[in-house]
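Enquirer: Predicted model and sequence follow; I will ask about them next.
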Amino acid sequence: MNITTRTGRWLAAAAVGCCAMLLPGMALAATAGPAHAAPRVTAPGCETPGLVIWLDTDGGGTAGSVYYNLEFTNLSGHSCTLNGFPYINAVSLTGSLLGSRAAFDNTTPGQVTLGKGATVKAVLQIVDVGNLPASQCKPVTAAGLRVFPPNQTRAKIVPFPFGACSATGVTFMRVQPVTK
């Protein structure tokens, strides 16, 4: 009987000890929210091969500039995100770079999510190079745009003839960040 009593006391002490160890963890789990809540998952970044990049040539003009919507359509088959400014250069027929890349405007970029087949835009301003000093600009006709989507290292060429500067150091294009 003495062994049973000791064993009973030992089991009771062990049970109390286990409960004391588990109680803080259970209390923490109860305040953490439902166990089925999944962490928030963001879509991966949009990669250049999964995007169609095109220029809406129905631009709107102001004194000395035309504004175009540079469009990015997601054909990757899954949702993806873009965040920031595209890098844009004017190119010749042979693909050579002309002048300086498009400058970024002062707008703060934000992340946009593109569902399958969705399109977002970045507004591109192209200055009428006829209004710039010819000696500084060295005007030529560009064959198109070389566009790197935000945070990507591969570009696509968008065919579009327009007046460009062949000299570097002259800002004749300015771009806003990608938005919906």
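Expert: Great, that's in hand. Numbers count the residues shown, from 1 in each chain.

Enquirer: Work out for me the element the residue positioned nearest the centre of the chain sits within.
Expert: The residue lying closest to the centre of the chain (CA atoms, centre = their mean) is Leu82, at 1.8 Å. Element membership for Leu82, per DSSP states H and E: strand 80-83.

Enquirer: Which SSE is immediately downstream of that strand?
Expert: strand 87-91.

Enquirer: Tell me which other helices or strands that next one touches.
Expert: strand 97-98, strand 139-148, strand 156-165, strand 173-175 (3 or more CB pairs under 8 Å, 6 or more residues apart in numbering; DSSP states H and E). (Glycine included, C-beta is placed from N, CA and C.)

Enquirer: so can I have JSON lines of those showing distance to Glu47, mean neighbour count and mean pLDDT?
Expert: Below are the helices and strands packed on strand 87-91 laid out as JSON lines (distance: least, CB to CB, whole Å; neighbours: other CB atoms under 10 Å; pLDDT from 0 to 100):
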{"stretch": "strand 97-98", "distance to Glu47": "23", "mean neighbour count": "18", "mean pLDDT": "98"}
{"stretch": "strand 139-148", "distance to Glu47": "11", "mean neighbour count": "20", "mean pLDDT": "98"}
{"stretch": "strand 156-165", "distance to Glu47": "11", "mean neighbour count": "18", "mean pLDDT": "98"}
{"stretch": "strand 173-175", "distance to Glu47": "20", "mean neighbour count": "21", "mean pLDDT": "98"}
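
Enquirer: mind checking which of those strands is nearest Val91?
Expert: Evaluated over these, closeness to Val91 peaks at strand 139-148, with 4.9 Å, by CB to CB.

Enquirer: and the angle from that closest one to strand 87-91?
Expert: 140 degrees (axes from the mean of the first three to the mean of the last three CA atoms, to 10 degrees).
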